[in-house]
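1. what would the 3D arrangement of this be:
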Amino acid sequence: MYGDYDGLNKPPIFDLYIGVNFWRRVNISDASKLYIAEVITVVTNSYIQVCLLDKGQGTPFISSLDLRPLKSSLYPAVANASVSMSLHRRLNAGVDDSVLVRYPADPHDRMWEPFNNPGDWTQVNTTSSVQNPPNDMYEPPSAVMQTGSSNDPGYQIRFYWLIEAEYKSPSYFVVLYFAELLEPPPPNPPSPDPKKQPKKGSDSTGNDTKQFREFTISINGYDWYASPVVPQYLMTSEVYGYTQTTTYSQYNLMLEPTDNATLAPLLNAVEIFVVLPTADLPTDSGDFIAIMAIRERYILKKNWTGDPCYPKVLLWNEVTCNYGIATPPRVIALNLSSGGLTGGIATYFANFTELQSLDLSHNNLTGPIPDFLALLPSLTFLDLSSNQLSGAVPSALQKKSQDGTLTLRVSDNGSTGPAPLSGSSPSSSNSTASPSGFTSAKKSNTSGVIGGVTVTVIVISLAVLLIVIRRRRQHNAYVRPQASTAKGNYDDDTSLNFDNRQFTYKELKKITNDFEKDIGKGGFGTVYLGYLEDGTPVAVKMRSQSAAQGIKEFLGEAQHLIRVHHRNLVSLIGYCKDGEYSALVYEYMSEGTLQDKLRGPAAEAKPMNWRNRLRIGLESAQGLEYLHKACKPPLIHRDVKTNNILLNSKLEAKIADFGLSKAFNNDIHSHISTAVVGTPGYLDPEYYTSFQLSEKSDVFSFGVVLLELVTGQPPIIAGPEGGHVVQWVRQRLSKGDIEDVVDTKMQGEYDVNSVWKVAELALKCVSHASSQRPTMPDVVDELKECMELEAVNEKGYNSNPSSTTSFEYSRNDNAFMYPSGTGEISQTYDIGHFGRVDLVSGPAAR
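-> Residues are numbered from 1 along each chain as shown. As a prediction, this is how the structure comes out:
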C-alpha cells in the first residue's frame, strides 16, 4: 500500500529478485490497494536475499515480508532447486467474496483467496471433513476442500488467466483440487437374474448414475490430462502439471463433462504458479562470506546489499566480478581506496582466492603488512599506499614485485605505529626506507601478496524472517586516538556520577601501552588490553567517534554497570570522560567468549566437557536472574548471546555488554520498545512482531544459548539441512535420540538425563509465546537440578571419591562453589521493523 512516502505522489513500478534471479514486477497502479507477492523456493544457504530493483519509476518499498517453512515433500516441482515458483493466483472456489482461508485452517499459512464465481456457477459445500491421501504432495486444508463451484448438468466450467508481460514465454505450473461433496446414493440391490442388464440410467454395476460426476480437462483446446476425472467423496485428489508455451495472451482452462456424466464438473480450488528457472548462480560462497566479514570488520558505509555480483545491474560499487559459464561468479577486484578503513589488514582478504587487484590505499590502516597477502594465487596488483602501516615488507611480496608478477605500492606510510619490524629503524620524516621495509612518510615501492590463513567467519542471516538489518551507528573504529580540543558530539553536562576510579585519557594511553593490543570490538568501539599500576589486567573499551546516539547508549551502559554487582556480571573498575574521549575500564576476562570456547579455535584446541558447559550455563542464568529480580528497577539485557558471556582464567562465566540493556517497571513486566534491537538468531519473535519487550525476551535468547551449549552449533546453522538451531534440535529430538543433537566434541562423556533436561528446558525457553516460557529463577532452579544429575554421573565415572570433583551450591543465595582463550567481541545490530498487517502478514510481501 503506497503512502507517498517519497513525496513524489507517484506509485512506483519496480522488480523483485529472489536471490540473484528475477521474481516478478510490482506495479503499484492503485495506491490504496494491497499488493502481494509470493514465491516458493529452495534455500540452499543459511540465509535468503530479496532484492528490490529500482527501475527509475518511483522509489521501491516493502511493507512486510515473512518466511514460512514448507516440508521438503511438498511442491516437488521445486525440490531440486533448479526452479522457483512465483504465485500467480491461489483460489478457493465456492465461497463468498469475504472469505479468506489461511493459518490456522492451513497449517502452512497459505492464503486462499475467494474465487469470484460467475453468475451461472453454483456453490457446493459440506460440513464433513475432507481428507487428504497419505503422503499428499500439496496438503490443501479441509476448510478449502469443503467448498466448490459447479454448474448446471451438461454445462462446462471455464476460466482463464492472462499471461504476465514481464515474463518471456513463461511456463505455468497448475494444481487443480477436486473432492466430491455430494453424498453418493446407496447401491441398487443385486438382481437375482444374471441375464438382466442394468437399466438405463445406471452404470455397469447397477448403481444409480443420476449423481455421477466425470469430466475432462483441457487448456487452450488441448487435452491437459489424459484420463477423465472422477472426484472421490470427501477425499482430495489433485491434477497438476506444466502448461505448454503459447502465442496467445491468455490461458483458457475448461472442465467439460463426459457423455456418461449426469452432474457438471466440480472445482474446489486452484493454484497457478509462474515457473522461474534459477539460471543465475550467486557469488561464490567463500567470496561472499569474506566480503561480508570485511564490511562488518571495517564498518563500511557503502550501499552493499544483496549479492555482490548479481543482478549485474546491481553490481556492488568497488567490486569487479568474473562470470563463468556454469560456475558461480568470482570477485576478482576490490577497490576500498579512501574507504575509511582503520586497524590492521584483516585476514578475511585471504579468502579471495581469485582476487587479481586489491586497492587499500588512502586509509588509516595500521600495523605490519601481513605475510598472507603473498599467498593470494591470482593477485597481480596491490596498493597499500597512504596508510599508517609499519615494519618490513614481507620477503615473499618483495620477490613477487622483483620478478614482475606483482605491482606493489607502499609509499606514504606514516611512522606513528609500533617500531618497524625485521630490524628496520625509525628515520626522519624526509627519509626513505630500504626496499625491505618502510618507516616514514616516503617509502619504497616494494611488493606484496596474501597467504592462506584459516578464518572463522560469522555469517549473518535471517533466520527465519527477512527484516531490514542495519548497523548501529558505529563510525570509524577507535584506533590510536589523537588528543583534540574540539568539542565532542554529546552534551558536556551529562554526568555519570561514578564512585569508581576516574581515568584521564593520558592514563589510558599509559596502561594500554598506547593502545597496543586490540582484543576485540564492542558495541560502541574497540576494546584494548591494559595493565594497572599493580599489574592487574583490565579491558579498556574506547568509544568510537560516533553520533549522539552512540554516546547516549555508551553512557547508558556505564550507568547500568555502576549499579549492578554480581559475581556473574562483568565488573566495572573505572571510567574516562576526558574531553571528547570516553571509555569504560572493566575486569579482563582472559579466556574470551563462550562462543569461542564452543566454536572458535579454542574449541578445537581444548573442547569443553559437559560439566563445564552446564556450570557456565548456570552461572550465566544467575547473572540474568540478578538483572531481572535483584536490580531496582529491573534490567532487561536485550542482547544475550554466547559472544556476550565472557570467561575468566577459571572459566567463571560473566554476562557482559550492557549497551542495549533496558530498565523496566517490575509491576508491568513489559515495555513498549520503539526499535527492535538485538542479534539475529537470538531475537525473541514475539518481541519483534509486537515491540512488547519483557524479561521473557532475555529468556528466549538464553534458551538459544542453552541449545548452543548442548549442540555446539551456532544459532543459524549453514548447509542444506541447516536453519535455526531451535528447529534443528526439535526435528532431531522428535525421533527420541538425544545423541543426534549433542556436540560430538564431548565424546559421549555426559549424563544423558542431564543433557535431556537441559535440552527440554531450552525448548521451553524458546516457546513462541512468552507466557509459556519459564522465568529466570525457574531456569536457575532447573539448571541446579541438572548439576545434581551430572554430579551423580561424575561419581559413577570416578570410583575413587578423592578424585571426584565436588560441586556445592545453595538454592537460596545462588552461591555456586567449584574448584579451580580470548574471543573477539562481536557487533550488535539494530533491526528496523516495518510492522505487520493482520490480514496479509502471512507468506507474502505486500
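2. can you tell me the helix or strand for Tyr687?
-> Assigning secondary structure by DSSP states H and E places Tyr687 in helix 685-690.
3. quick check: mean pLDDT of that helix?
-> On average, the pLDDT along helix 685-690 is 72.
4. next helix or strand past that helix?
-> Later in the chain than helix 685-690, the nearest helix or strand by DSSP H and E is strand 692-693.
5. give the other helices and strands that that following strand contacts.
-> Judged by 3 or more C-beta pairs under 8 Å, 6 or more residues apart in numbering; DSSP states H and E, strand 692-693 is in contact with strand 671-672. Heads up, the C-betas are built off the backbone N, CA and C, glycines and all.
6. make it 10 Å
-> Strand 692-693 sits against strand 671-672, strand 676-678, helix 685-690, with contacts defined as 3 or more C-beta pairs under 10 Å, 6 or more residues apart in numbering; DSSP states H and E.
7. tell me where the stretch 1-150 of the chain has strands.
-> 13-18, 21-27, 39-40, 50-57, 83-92, 113-114, 122-125, 147-150 (DSSP state E, counting those that start in this stretch).
8. who wins for proximity to Lys400 among those strands?
-> Closest of the strands of the stretch 1-150 of the chain to Lys400 is strand 50-57, at 38.3 Å (criterion: C-beta to C-beta).
9. each with direction, which strands does that closest one pair with?
-> Paired with strand 50-57 in the same sheet, following DSSP bridges, are strand 13-18 (antiparallel).
10. mind checking how far the partner strand is from the chain centre?
-> Centroid displacement of strand 13-18 relative to its chain, using C-alpha atoms, centre = their mean, to the nearest Å, is 21 Å.
11. and what of stretch 729-743?
-> Worked out by C-alpha atoms, centre = their mean, stretch 729-743 lies 22 Å from the chain centre.
12. list the buried residues of that stretch.
-> The neighbour-count check on stretch 729-743 (16 or more other C-beta atoms under 10 Å) flags Val729, Arg732, Leu733, Ile738, Val741, Val742, Asp743 as buried.
13. need the contact list for the second one.
-> Counting by C-beta atoms under 10 Å, 6 or more residues apart in numbering, Arg732 touches Thr711, Ile738, Glu739, Asp740, Val741, Val742, Ala759.
14. rerun at 8 Å
-> Asp740, Val741 (C-beta atoms under 8 Å, 6 or more residues apart in numbering).
15. need the next SSE after the helix or strand hosting it, C-terminal direction.
-> Assessed by DSSP H and E, Arg732 sits inside helix 725-733. Scanning forward in sequence from helix 725-733 by DSSP H and E, the next helix or strand is helix 752-765.
16. so how far is the helix or strand following that next one from its chain's centroid?
-> With elements assigned by DSSP H and E, the helix or strand that comes after helix 752-765 is helix 776-797. In this view, helix 776-797 has its centroid 33 Å away from the chain centroid, taken as C-alpha atoms, centre = their mean.
17. before we move on, the earlier item: tell me which of the strands of the stretch 1-150 of the chain sits most buried.
-> Mean neighbours per residue, mean count of other C-beta atoms under 10 Å, is largest over these for strand 147-150, with a mean of 26.
18. quick one: name whatever helix or strand follows that one.
-> Following strand 147-150 in sequence order, the next helix or strand is strand 157-162 (DSSP H and E).
19. avg pLDDT for that next one?
-> Mean per-residue pLDDT for strand 157-162: 91.
20. mind giving me the packing neighbours of it?
-> The contact analysis (3+ C-beta pairs under 8 Å, 6+ apart) places strand 157-162 against strand 250-257.
21. using CSV, write out every CA atom in whichever helix or strand comes after the strand it packs on.
-> Following strand 250-257 in sequence order, the next helix or strand is strand 269-277 (DSSP H and E). Output of strand 269-277 as CSV, limited to C-alpha atoms (Å, rounded to 0.1, in the frame of the first residue of the first chain):
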residue,chain,number,x,y,z
ALA,A,269,-9.6,-24.9,-5.6
VAL,A,270,-6.8,-24.0,-7.9
GLU,A,271,-3.2,-22.8,-7.6
ILE,A,272,-1.3,-21.2,-10.6
PHE,A,273,2.4,-20.5,-10.5
VAL,A,274,4.9,-19.0,-12.9
VAL,A,275,7.9,-21.2,-13.2
LEU,A,276,11.1,-19.3,-12.6
PRO,A,277,14.3,-21.1,-13.7
